[in-house]
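Novice: below is the sequence, then the predicted model.
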Amino acid sequence: MSDPLIRFSNLTIAYDRHPAVHHVSGTIARGSLTAIAGPNGAGKSTLLKAIMGEVRAAEGRVEHRLSRADFGYLPQAAEINRRFPISVLDTVLMGAWPRSGAFRSISRQDMQEARRALQTVGLEGFETRSIGTLSAGQFQRVLFARLLLQDAKVILLDEPFTAIDARTTRDLIELVHHWHGDGRTVIAVLHDFDQVRAHFPQTLLLARELISWGETEEALSPQNLLKARAMAEAWDEQAEICMPERKRPAA
Ligand SMILES: Nc1ncnc2c1ncn2[C@@H]1O[C@H](COP(=O)(O)OP(=O)(O)OP(=O)(O)O)[C@@H](O)[C@H]1O
């Protein structure tokens, strides 16, 4: 039987009372490799942030016994400021912070591991380059090297292969399989259904509400995809979260 690591119980998350994730329940098993798929604005990134405790539940909850340091998180490219003048090696070394703290001096071992991580992602020789000078694919490799150094139990990837060339995507998918083979739990937000079908055994299909969750082929059945699309077309961005009976004001 699978070993539940993260449990959603009737999870609802709202921004300014407008629901982004609505009544989601289910569990992510330890060591599983799960894709979160769904239309734009479906709440996928919000769900990842909820797992890490970065957004608060309006209703229900996320349960696990993990701390923030147990999560390795790759944000969407759009959320990262690449103008910051920092070298490739220093960016990778930030992966050591969750275990060592930001103000501890860098050990020789951290340095060796960071260089090894850069070799693993094919960026040996890029150590002193400023991150602002890298291509999108090279920068994504740097962020994966940082995750390698972090050595987290649970890896959360938000659109890791968007706008990335085919060769880099292939190399990074190999790393994802390597993490999964190591027994880590990997959860990735993805748009490309072919990639999901080829590489992710489990899928959670979200359209603010949960459409399906389970074996990928079944979760992404034509009926489920149609349902997700219909939900997305019917969204009312101004809708309020539904309040449970007991919280509704008396008429
Ligand atoms: N910080 C925020 N403040 C207000 N609304 C937000 C915030 N973050 C997300 N939202 C809204 O919540 C909804 C879900 O957003 P989210 O980014 O989780 O969706 P997504 O499925 O990851 O979308 P995409 O595939 O386009 O990245 C959207 O309507 C979005 O505009």
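Specialist: Right, received. Where do you want to start? Numbering: from 1, shown residues only.
Novice: show me which parts of stretch 185-195 are buried, residue by residue.
Specialist: Residues 185-190, 195 are the ones in stretch 185-195 that count as buried (16 or more other Cβ atoms under 10 Å). The way it works is simple: take the backbone N, C-alpha and C, and place the C-beta from them, glycine included.
Novice: ok, of those, which one's closest to the ligand?
Specialist: Val189 (6.1 Å; Cβ to the nearest ligand atom).
Novice: what's the separation between the closest one and Glu217?
Specialist: Val189 sits 19 Å away from Glu217, going by Cβ to Cβ, to the nearest Å.
Novice: and what of Pro201?
Specialist: According to Cβ to Cβ, Pro201 and Glu217 sit 10 Å apart.
Novice: same drill for these two, tell me which one is more crowded.
Specialist: More crowded of Pro201 and Glu217, by other Cβ atoms under 10 Å: Pro201, with 15 against 10.
Novice: any stretches of this structure with poor pLDDT?
Specialist: 1, 98-104, 243-251 (pLDDT under 70).
Novice: got the residues of the stretch 101-250 of the chain near the ligand?
Specialist: For the stretch 101-250 of the chain, the contact set with the ligand under Cβ under 6 Å from any ligand atom is empty.
Novice: can you show me the helices along the stretch 101-250 of the chain?
Specialist: For the stretch 101-250 of the chain, the helices defined by DSSP state H, counting those that start in this stretch occupy 108-120, 136-150, 166-181, 193-199, 216-219, 222-233.
Novice: what sits up against the longest one?
Specialist: Looking back up the chat, that one is helix 166-181. By Cβ atoms under 8 Å, 6 or more residues apart in numbering, the residues outside helix 166-181 that reach it are 31, 33, 120-122, 137-138, 140-141, 144, 148, 155, 157, 160-161, 164, 186, 188, 195, 199.
Novice: any quick PyMOL command for the buried ones out of these?
Specialist: In PyMOL, this line selects whichever of the contacts of helix 166-181 come out buried by 16+ other Cβ under 10 Å:
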select buried, resi 31+33+120+121+137+138+140+141+144+148+155+157+160+161+164+186+188+195+199
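Novice: now Lys86. Nearest residue, chain neighbours left out?
Specialist: Actually, residue 86 is Ile rather than Lys. Ile131 (5.8 Å; Cβ to Cβ, 6 or more residues apart in numbering).
Novice: just Phe126 next, same as before
Specialist: In space, Phe126 is closest to Val88, 4.8 Å off (Cβ to Cβ, 6+ apart).
Novice: so what's the residue count around that neighbour?
Specialist: Number of residues near Val88 (other Cβ under 10 Å) recorded here: 25.
Novice: gap between it and the ligand?
Specialist: Going from Val88 to the ligand by Cβ to the nearest ligand atom, to the nearest Å gives 26 Å.
Novice: same check, this time on Asn81
Specialist: 17 Å.
Novice: now that residue: phi and psi?
Specialist: Main-chain torsions, Asn81, degrees, to the nearest 10: phi -90, psi 110.
Novice: residue contacts, it?
Specialist: Asn81 neighbours (Cβ under 8 Å, 6+ apart): none.
Novice: what's the burial count for Glu174?
Specialist: 11.
Novice: could you measure from it over to Leu118?
Specialist: For Glu174, the distance to Leu118 - Cβ to Cβ - is 16 Å.
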